[in-house]
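Asker: Give me the fold of what follows.
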Amino acid sequence: MSKVRVLVADDSAFMRKVISTMLESDPEIEVVGVARDGLEAVEKAKSLNPDLVTLDIGMPRMNGLAALRHIMEEHPLPVLMVSSLTTEEAEATLTALELGAVDFIPKDLSYVSLDIVKIKDTLLEKVKAIARTGLKRSASSAGLRVLVPPTKRRFEVMAIGVSTGGPMSLQKILPQLPSDLPAGVLIAQHMPPKFTKSLAKRLDRLSPFEVKEAEDGDIVQSGRVLIAPGGQHLRIRKKGEVEVGREPKDALYKPSVDELMASVALHYGPWGVGGIMTGMGYDGRDGIKLLKEKGGYVVAQEERSCVVYGMPKAVVEAGLADAVVPLEELPRHLAKLFPD
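Answerer: Numbers count the residues shown, from 1 in each chain. Next comes the predicted model:
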């Protein structure tokens, strides 16, 4: 198998070196070039034709967003943004995802020399998965597969787990759900703190119902979408009420899809819907298994409409999905589960 060829763009020589070193620690990845600003990134993206570009947001001459626009218009490639953990860069990162970036890697510039190495495993995993998947377009999806039709019942809550590719996927489905959806919606999106608040505000502006970052004690109700805060878990405390907290601290992901789904299984059982969308790994599979055992209904996103087919694949291959649905069909299918 040929190596994944990566172009690294960052105005910091230190960051270029650190990211390049981390990438080339994996024998399956080759850094084919570096760029010191956005203009150079655009030029080298065309001349080197890498499999993927890592792109910093704040750069001289041409910033990351402007460079991304040029790359997407002139020479479309998978782009992974590198963003610091600030509210301003969270907003810019969400804009980058709208412009065509596939995903992002957070960095904490205030402690960069110590903390940047913590992103290594995630960086390597994302680069390989995204580069080998390429730029996905949901229009190529294979179609709806209903494996187990839902029995007639009044579902009361829908929990959604999503990771890589999630922000834009959520932006495509939530605004299309009916404003009178007779169920509360809970979302665990793998994102760091500040990013989830910005995502919730953006989705709230676009959607016909309230979307907010969840707070401890929030009520689960129709016409409300609660998004788990980055760095914390979202769970059902009791029927109709959520809890937000950091336990278990040893969970691989915070927020954890498994934690959310397990709590829905416990408190809602057959009146709960679990949806697993695009993302790497298998977070959500164990929680979905519990939901299925309690009689809940499970929907997985179809492979060709996923940015990365990891989380849904784990659910489908475990035989836990009742329906496998392309992204563009998800709003219609989910709405049908909640008749008036």
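Asker: Quick check: the residue lying closest to Gly165 once chain neighbours are set aside vs Glu74, distance?
Answerer: Spatial nearest neighbour of Gly165, chain neighbours left out: Val307 (2.7 Å); criterion: Cβ to Cβ, 6 or more residues apart in numbering. Bear in mind the C-beta positions are built from the backbone N, C-alpha and C, glycine included. Using Cβ to Cβ, to the nearest Å, Val307 is found at 22 Å from Glu74.
Asker: try Ala9
Answerer: In terms of Cβ to Cβ, Ala9 sits 15 Å off from Glu74.
Asker: out of these two, which sits in the more crowded spot?
Answerer: Ala9 (30 against 10; other Cβ atoms under 10 Å).
Asker: for the more buried one, what are its contacts?
Answerer: With contact set as Cβ atoms under 8 Å, 6 or more residues apart in numbering, Ala9 has these partners: 34-38, 40-41, 44, 53-56, 59, 64, 67.
Asker: now do Leu7
Answerer: Contacts of Leu7 (Cβ under 8 Å, 6+ apart): 31-35, 41, 44-45, 48, 50, 52-54.
Asker: I'd like the average pLDDT over the host helix or strand of it.
Answerer: For Leu7, the element it lies in under DSSP states H and E is strand 4-9. Summarised as a single mean, pLDDT over strand 4-9 is 97.
Asker: What strands flank that strand, and is each parallel or antiparallel?
Answerer: strand 29-35 (parallel), strand 52-56 (parallel) (DSSP bridges).
Asker: Of the contacts of Leu7, keep whichever come out buried.
Answerer: 31, 33-35, 41, 44-45, 50, 52-54 (16 or more other Cβ atoms under 10 Å).
Asker: Share the number of residues neighbouring the residue nearest to Gly165, please.
Answerer: For Val307, the number of neighbouring residues by other Cβ under 10 Å comes to 28.
Asker: Helix, strand, or coil at it?
Answerer: coil (DSSP: H, G, I helix; E, B strand; the rest coil).
Asker: the bottom helix or strand of the protein by mean pLDDT?
Answerer: Sorted by mean pLDDT, DSSP states H and E, the helices and strands of the chain end with helix 112-115, the least confident at a mean of 50.
Asker: Quick check: next helix or strand after that one?
Answerer: Next along from helix 112-115, by DSSP H and E: helix 120-133.
Asker: State the mean pLDDT of that following helix.
Answerer: 87.
Asker: by how many degrees do that helix and strand 4-9 diverge?
Answerer: Between helix 120-133 and strand 4-9, the angle comes out at 120 degrees (axes from the mean of the first three to the mean of the last three Cα atoms, to 10 degrees).
Asker: Which strands or helices does helix 120-133 pack on?
Answerer: With contacts taken as 3 or more Cβ pairs under 8 Å, 6 or more residues apart in numbering; DSSP states H and E, helix 120-133 sits against strand 4-9, helix 13-24, strand 29-35, strand 52-56, strand 79-84, strand 103-107.
Asker: among these, which is the most enclosed?
Answerer: Of all the helices and strands packed on helix 120-133, strand 52-56 carries the top mean neighbour count, a mean of 27, counting by mean count of other Cβ atoms under 10 Å.
Asker: can you give me the offset of that one from its chain's centre?
Answerer: 18 Å (Cα atoms, centre = their mean, to the nearest Å).
Asker: What are the contacting residues of whatever helix or strand comes next after that strand?
Answerer: Heading C-terminal from strand 52-56, the first helix or strand you meet, by DSSP H and E, is helix 64-74. Taking contacts as Cβ under 8 Å, 6+ apart, the residues outside helix 64-74 that touch it are 9, 38-39, 41-42, 45-46, 53, 55-59, 62, 77, 79, 81, 92, 95-96, 99-101.
Asker: Name the residues of helix 64-74 that are buried.
Answerer: Here helix 64-74 shows 64-71 as buried, counting by 16+ other Cβ under 10 Å.
Asker: Alright, I will stop here.
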